[in-house]
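>>> Compute the structure for the input listed below.
(one chain, ligands or ions: 1)
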Amino acid sequence: MNRGQTIRAIKGMRDILPPESALWEHIEQVARSVFRAYAYQEIRTPLLEATDLFARGVGQETDIVTKEMYTFDDRDRQSLTLRPEATASVVRAYIEHRLHEQPGVKKLYYMGPMFRRERPQKGRYRQFYQIGAEAIGSESPRVDAEILEMLLVLLGRLRLTGFTLYLNSVGCTGCRPQYLVTLRQELAKVRDRLCPDCQRRSETNPLRVLDCKVAADQPIIDQLPALSGSLCAACREHFEQLQGYLKDRSIPFQLQPRMVRGLDYYTRTTFEITHGALGAQNALLGGGRYDGLSEALGGPPAPGIGFSIGEDRFALTIGAVPNDLPLYIAWMGESAYRHAAEMARELRAQNVMVELPSDPVKLKKALELASRLKARSVLIIGDKELAEGRYPLRDMARGEQRIVTKPELFQQFAGPAPAPLPSFAGAKPS
Ligand code: HAM
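This next block holds a predicted model:
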């Protein structure tokens with residue numbers, strides 16, 4: 001790289017800058033508070049894992065593992081992969097730390113970056129972010145119902161509308177093999193009329209044919225037998241119970257018998273939520289049960305269910321959150337600065353967002369700066385105000401000014417109960 005040549009972010013990876021980052025912060029705060037209410041606890045797993053974890057967990061034949069992973073040999077030749085998703089990592093941690101020995105269902109949530117080398121477009125990135133939750137240790141459909149309830153509460157708290165919850169059951173290791181035999185037989189009859197990808201999938205991963213988006217294939221796929229017709233009695237009962245629990249909660253859903261999802265660990269319940277505003281990449285989130293994943297990774301039986309929200313897509317659908325500044329303090333002169341700094345410290349101690357410029361500027365310029373920062377109010381402090389203890393407070397939207405005393409200012413911005421000022425007692429005296 002030549003000196004002076006600018007370095008840009010890698011294709012498909014981007015910076016999340018203010019004001020958009022305020023929206024991300026808001027989404028994450030709301031998610032944390034909803035997860036807390038449902039007694040989920042945070043888990044943080046490494047971004048790098050042994051490649052084998054995803055090969056065995058997500059599935060050798062999936063698009064993610066065959067085409068999309070960032071995999072490299074470490075200096076000691078161990079093959080490592082940047083996580084393309086987090087469920088396999090959570091289950092690995094569950095096994096590694098023997099969380100199954102703790103009583104009850106282990107309810108964990110995470111948020112953070114995932115990596116898939118896909119073709120970048122709007123809503124699809126190579127580093128993207130997920131907010132997810134996993135409940136491990138029970139196969140009861142009551143867990144499925146509770147996690148879907150939590151998910152819809154979260155979407156509701158973020159005021160999301162215009163989405164659809166699609167639900168399906170993909171059966172279990174008992175009933176799916178028989179279905180796959182039937183599906184392969186039927187696919188063999190229509191294979192030549194399908195798109196090249198589906199011709200390949202007919203051999204390698206026939207279930208994925210059901211998920212094909214190519215328009216010309218749709219009438220052919222519609223004629224294929226549906227998985228829901230081949231569920232065993234236990235899977236059928238599980239799915240019916242779940243639907244009953246969702247109806248109890250008035251959670252609207254649409255059955256989507258062709259939805260198989262792109263990861264191989266799924267058993268029984270699968271779901272997706274799509275949103276109209278997202279265009280081609282319309283899956284806002286996806287999830288489902290993975291009752292055999294722990295055993296596939298060498299662990300004890302530990303049936304689980306979870307979901308992951310695509311946070312980038314979520315942010316696209318929600319749009320902006322208000323990011324204006326409650327108060328800007330304009331000061332003129334060094335003594336006014338010292339007074340303003342103390343006032344700002346007192347207000348900030350009560351969690352009022354205050355901007356205090358660090359360089360001296362004339363009042364006109366200060367008002368321009370405040371307006372660019374979307375300040376709702378500007379407090380003006382000069383020598384005269386300092387002497388009188390009364391300050392002009394400008395309402396920026398109305399362009400009106402009134403004179404306030406310090407107690408009036410605090411009453412307006414911080415409410416009645418003052419908090420003690422930080423003493424900085426934790427810092428050693430010099
Ligand atoms: P997934 O369907 O692969 O499931 O991803 C979940 C969500 O992540 C998608 O619905 C989408 O919103 C977002 N997403 C995926 N790829 C990208 C991308 N390249 N750019 C932007 N957003 C993307 C899973 O990852 C499973 N771990 C979900 C799960 C949790 N199942 C059980 N527990």
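
>>> Please count neighbours and contacts with C-alpha atoms only from this point.
Will do.

>>> From the ligand, how far out is residue 144?
Computed as CA to the nearest ligand atom, to the nearest Å, the residue 144 to the ligand distance reads 11 Å.

>>> count of neighbours near that residue?
27 (other CA atoms under 10 Å).

>>> what's the answer for residue 323, then?
So residue 323, with other CA under 10 Å, has 14 neighbours.

>>> and if you look at residue 268?
By other CA under 10 Å, neighbour count at residue 268 equals 24.

>>> mind checking the SS state of it?
Following DSSP: H, G, I helix; E, B strand; the rest coil, the label given to residue 268 is strand.

>>> Identify the residues contacting it.
168-172, 235, 238-239, 288-290 (CA atoms under 8 Å, 6 or more residues apart in numbering).

>>> I'd like the list of those residues that fall within helices, please.
Members of the contacts of residue 268 lying in helices (criterion: DSSP state H): 235, 238-239.

>>> tell me the contacts of the residue nearest in space to the middle of the chain?
Closest residue to the average C-alpha location of the chain: residue 131 at 3.0 Å, with CA atoms, centre = their mean. Each residue near residue 131 by CA under 8 Å, 6+ apart is listed here: 28, 31, 109-112, 308-311.

>>> would you turn these into JSON lines with neighbour count?
JSON lines is the format used below for the contacts of residue 131 (neighbours: other CA atoms under 10 Å):
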{"residue": "28", "neighbour count": "15"}
{"residue": "31", "neighbour count": "24"}
{"residue": "109", "neighbour count": "24"}
{"residue": "110", "neighbour count": "22"}
{"residue": "111", "neighbour count": "22"}
{"residue": "112", "neighbour count": "16"}
{"residue": "308", "neighbour count": "24"}
{"residue": "309", "neighbour count": "21"}
{"residue": "310", "neighbour count": "22"}
{"residue": "311", "neighbour count": "23"}
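
>>> near the ligand too, which of those residues?
Among the contacts of residue 131, the residues within reach of the ligand (CA under 6 Å from any ligand atom) are 308-310.

>>> Check the spacing between residue 104 and residue 217 real quick.
45 Å (CA to CA, to the nearest Å).

>>> which SS class is the nearest residue in space to residue 310 that is not next to it in sequence?
For residue 310, ignoring the flanking residues on the chain, the nearest one in space by CA to CA, 6 or more residues apart in numbering is residue 130 at 4.8 Å. Assigned with three-state DSSP, residue 130 falls in the strand class.

>>> so what's residue 130 up against?
Residue 130 is in contact with 110-114, 308-312, counting by CA under 8 Å, 6+ apart.

>>> Helices - which of those land there?
Those of the contacts of residue 130 lying in helices (DSSP H): 311-312.

>>> ok, which residues in the stretch 151-300 of the chain are in contact with the ligand?
Checking the stretch 151-300 of the chain against the ligand by CA under 6 Å from any ligand atom, the hits are 283-288.

>>> Now, those that are in strands?
Per DSSP state E, strands hold the following members of these: 283-288.

>>> By neighbour count, which of these wins?
Counting neighbours by other CA under 10 Å, the top entry in these is residue 288, with 26 neighbours.
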